[in-house]
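[1] my questions concern the predicted model and sequence given below.
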Amino acid sequence: MRKSLLFLTVLSFVMPCIGSRAFSAEPLDLKTDSGVIKGTLETPNTPEPWPMVLIIAGSGPTDRNGNGPVSAAKNDSLKLLAEGLASKGIGSLRFDKRGIAESAKALAKEDDIRFETYIDDVVQWGKQIQKDKRVKSLVILGHSEGSLIGMAACQKLDNVKGFISVAGAGCPASQLLLSQIEPKVPPAMFEEVKSIVEQLKNGKTVKEVPPIWNSLFRPSVQPYIISWFKYDPAEEIARLKVPALIVQGTTDIQCSVEDAKRLDKSCKNAKLLLVEGMNHIMKKVSDDQTEQIKSYGDPSLPIASEMMEPTVAFIKGLEKK
């Protein structure tokens with residue numbers, strides 16, 4: 001039965017203090033045919049075994065901590081999430097996707113990557129972590145694009161307790177991309193993008209991409225985009241056979257409350273958690289553009305407490321089922 005939760009006041013969730021040593025971090029590797037994927041296992045300093053959350057980062061060059069490749073994109077959102085879970089007795093594993101940060105050597109060529117590659121990596125991580133005797137159960141958590149990857153991976157893994165979508169899209173990537181670009185460019189430029197997206201959606205590569213769009217639609221990334229466009233998040237989450245928690249902030253400028261509602265409507269065994277004033281990287285920020293941009297480079301800004309406590313409760317509640 002779906003349950004919609006709207007948190008308007010600050011709850012008394014206390015974020016962990018590094019000095020309190022409420023948790024420990026250790027490196028973990030996943031060996032693949034094309035190289036090693038690097039991860040971090042965050043474990044509580046409480047008796048074993050623990051419930052374990054496999055955290056999947058979002059799109060682009062986002063590393064295991066939720067950071068981009070430049071200092072202005074360092075916010076530590078996923079690191080703070082992992083530490084928050086550990087302070088409540090929940091372990092987690094987060095990792096640099098192949099081709100990103102310390103996993104850069106796990107990707108030989110950009111045009112070799114497909115959306116399914118990321119799905120399979122999560123499946124392999126899941127199988128590896130389930131062999132750890134310290135792990136009691138496994139929950140998959142995907143942030144942003146990682147939400148869709150996680151939905152698909154859940155379907156390929158046995159004995160997963162639950163799934164958590166954080167700031168995940170509710171519509172296919174082709175539709176999301178166009179909705180994000182249209183308000184920001186002149187009509188003529190939007191028509192160029194629309195034409196490119198339509199061809200990729202139909203499985204056709206685009207040989208000549210206008211220079212202004214090359215970083216987004218460069219030839220080497222087009223095979224990945226084609227594979228990504230095939231997936232509809234609403235259809236994927238409908239296939240889940242485990243309980244799901246759908247988390248969405250009301251000041252998210254990348255995904256919307258409507259995205260979350262579409263996911264919730266599609267999943268019979270889901271709870272919807274709307275967090276007032278939380279943005280895409282799980283931090284309490286208004287919808288002011290300046291504040292939003294600043295938050296993406298502020299690791300001192302904590303994760304929204306209104307998100308953390310219900311998320312912890314959801315994970316621990318799965319242990320009773």
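    In hand now; what should we look at? Since we're looking at a predicted model, the values are computed, not measured.

[2] from here on, contacts and neighbour counts on C-alpha atoms
    Fine.

[3] ok, the spatially closest residue to residue 218 that is not a sequence neighbour to residue 113 distance?
    Take residue 218 and drop its neighbours on the chain: the residue closest to it by C-alpha to C-alpha, 6 or more residues apart in numbering is residue 209, 7.1 Å away. From residue 209 across to residue 113, the span is 20 Å (C-alpha to C-alpha, to the nearest Å).

[4] hang on, the earlier thing: would you confirm that the residue nearest to residue 218 contacts residue 217?
    Yes - with contact defined as C-alpha atoms under 8 Å, residue 209 counts as touching residue 217 (7.0 Å).

[5] in the one helix or strand residue 138 maps to, which residues are buried?
    Residue 138 is part of strand 135-143, with elements assigned from DSSP states H and E. For strand 135-143, a neighbour-count test (16 or more other C-alpha atoms under 10 Å) marks 135, 137-143 as buried.

[6] what's the closest of those to residue 300?
    Proximity of the buried residues of strand 135-143 to residue 300 was ranked by C-alpha to C-alpha; the top entry is residue 143 with 19.7 Å.

[7] ok, and the closest non-adjacent residue to the closest one?
    With C-alpha to C-alpha, 6+ apart as the criterion, residue 143 has its nearest non-adjacent residue at 4.7 Å, and that residue is residue 166.

[8] dig out what the one you found forms beta bridges with.
    Beta-bridge pairing for residue 166 (DSSP bridges): residue 143, residue 247.

[9] ok, residue 173 to residue 52 distance?
    From residue 173 over to residue 52 the distance is 29 Å, taken as C-alpha to C-alpha.

[10] out of these two, which sits in the more crowded spot?
    Using other C-alpha atoms under 10 Å, the more surrounded residue of residue 173 and residue 52 is residue 52, with 28 against 22.

[11] look up the pLDDT of the more buried one for me, please.
    pLDDT, residue 52: 98.

[12] I'd assumed it was in a helix, is it?
    No - read with DSSP: H, G, I helix; E, B strand; the rest coil, residue 52 is strand and lies in no helix.
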